[in-house]
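# Fold the following, please.
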Amino acid sequence: MSHSRASDSKREQFRRYLEKGGVMDSLTGVLASLYEQPEKPPNALDFLKQHLGVEGEETQALRLELAKLREQYDLLAVENKDLRARLQRYEPAPENPPAAE
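Sure, this is the predicted structure:
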């Protein structure tokens, strides 16, 4: 009987440890997301890894590329805005633009 209580106590401590670290919430969220998928992915473990943020070298490389592309996008958006403003000074938009066909 005392072995059972010690085991229950250890289990309860471990559960609190997982809850405190946010592990239970993360797992619950990812499992709920998997459950709500209209088409279940072919590999549930890969789905869990992807949504829990387990990163490999490829994922890190993709994150770096994404950051660079976002920076480039921001620069191009600013340049585009500037060029549109400059163009507007020389060629004002027609009042009634032609309808798209």
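
# From now on I want contacts and neighbour counts done on CA atoms only, so please keep to that.
OK.

# Burial check on F14, number of neighbours?
Using other Cα atoms under 10 Å, F14 is surrounded by 12 other residues.

# That one: which element?
Assessed by DSSP states H and E, F14 sits inside helix 2-20.

# model confidence over that helix, on average?
Averaging pLDDT along helix 2-20 gives 87.

# Can you check the pLDDT for the spatially most central residue of the chain?
With distances taken as Cα atoms, centre = their mean, H51 lies nearest the centre of the chain, 7.8 Å away. Confidence at H51, expressed as pLDDT, is 85.

# quick one: average pLDDT of the longest helix along the chain?
Under DSSP state H, the helix in the chain containing the largest number of residues is helix 57-90. Taken as a whole, helix 57-90 carries a mean pLDDT of 93.

# who touches stretch 73-83?
Residues from elsewhere that reach stretch 73-83 (Cα atoms under 8 Å, 6 or more residues apart in numbering): none.

# which is the next helix or strand following the helix holding F14?
Once the chain leaves helix 2-20, the next helix or strand it forms, by DSSP H and E, is helix 23-36.

# ok now that next one, how far from the chain's centre?
Centroid separation for helix 23-36 versus its chain: 14 Å, with Cα atoms, centre = their mean, to the nearest Å.

# Direction-wise, compare the helix or strand H51 falls within with helix 57-90 and give the angle.
Taking DSSP H and E as the definition, H51 sits inside helix 44-52. Going by axes from the mean of the first three to the mean of the last three Cα atoms, to 10 degrees, helix 44-52 is angled at 50 degrees with respect to helix 57-90.

# elements contacting helix 44-52?
helix 23-36 (3 or more Cα pairs under 8 Å, 6 or more residues apart in numbering; DSSP states H and E).

# Please name the nearest non-neighbouring residue to L18.
Once flanking residues are discounted, L18 sits nearest to M24: 6.0 Å by Cα to Cα, 6 or more residues apart in numbering.
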